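Visitor: Here is my input, please return the structure:
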Amino acid sequence: MSVVLRSLTLGDDPSALGACGLMLDVDGTAHVGGVQLEPIGTDRGRGLIEWGFDGLPAGVTDIDGIPTEHRDGAPRTQESHPAAVVAVDHVVVRTPDLRRTVAALEAVGLELRRERDILIDGVAGRQAFFVAGTAVLEVVGPIEAVSAESALLWGLALVVSSEADASDALGDHLGEWRDAVQPGRRIATLRHEAIGTSVPTALMTPRPT
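Guide: Numbering: from 1, shown residues only. Predicted coordinates:
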């Protein structure tokens, strides 16, 4: 059975998701391409706090220190969002020990698809990529481990069906569209702090078919 990303818990108020151009359900959550975005306030901290998957092995409660939920079953119906958001493109995981985090993800049934070397603040680093349903997990860290601290959820990229609709909905809170690293795609950065969300967020056009 494949492991599929089903939820992300945010240390924000529900109003922050609305300011991101997402339509909220009656319970204050938003549903994006089969992934529930659940803001729970700030009592447990800020940023991305927890993730949930369908298809995890029994007994898993964390992945390399990241709190993890079992979210089995079919996703809820997706709303139509003002900013034309249709899916979660990828979730960024930061780690001080890339090999350890990769091994932890593989241990719960996720498959490492590829790696590539990058510069992180001018220092040699590496990205490792996993696919969890329609979303990609992008793990970023140094080539050699630098500490024993846990991995953490850092940022989020959402797919939009229309650059124009996203720009109209978000106005000055969205940066300029530019060519993404992936050929044929475009990306814009949300000015997340200005609208009250603690999660670094980017919007991207769909992957070429």
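Visitor: so where do the strands sit in the chain?
Guide: 4-10, 30-32, 35-39, 48-54, 62-63, 66-70, 85-94, 112-120, 123-132, 135-142, 152-160, 178-179, 186-189, 201-204 (DSSP state E).
Visitor: Out of these, flag the one nearest residue 20.
Guide: strand 201-204 (6.7 Å; Cβ to Cβ). (Each C-beta comes from the backbone N, C-alpha and C, glycine too.)
Visitor: Sheet-wise, list the partners of the closest one with their directions.
Guide: Sheet pairing for strand 201-204, assigned by DSSP bridges, gives strand 152-160 (parallel), strand 186-189 (antiparallel).
Visitor: Kindly reformat those strands as TSV containing mean pLDDT and mean neighbour count.
Guide: Below are those laid out as TSV (pLDDT from 0 to 100; neighbours: other Cβ atoms under 10 Å):
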stretch	mean pLDDT	mean neighbour count
strand 152-160	97	22
strand 186-189	98	17
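Visitor: Output these in CSV; the columns should cover distance to residue 166.
Guide: Shown next, in CSV, are those (distance: least, Cβ to Cβ, whole Å):
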stretch, distance to residue 166
strand 152-160, 4
strand 186-189, 7
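Visitor: The ones you listed: which one's closest to residue 80?
Guide: Once these are compared by Cβ to Cβ, strand 152-160 is nearest, at 12.2 Å.
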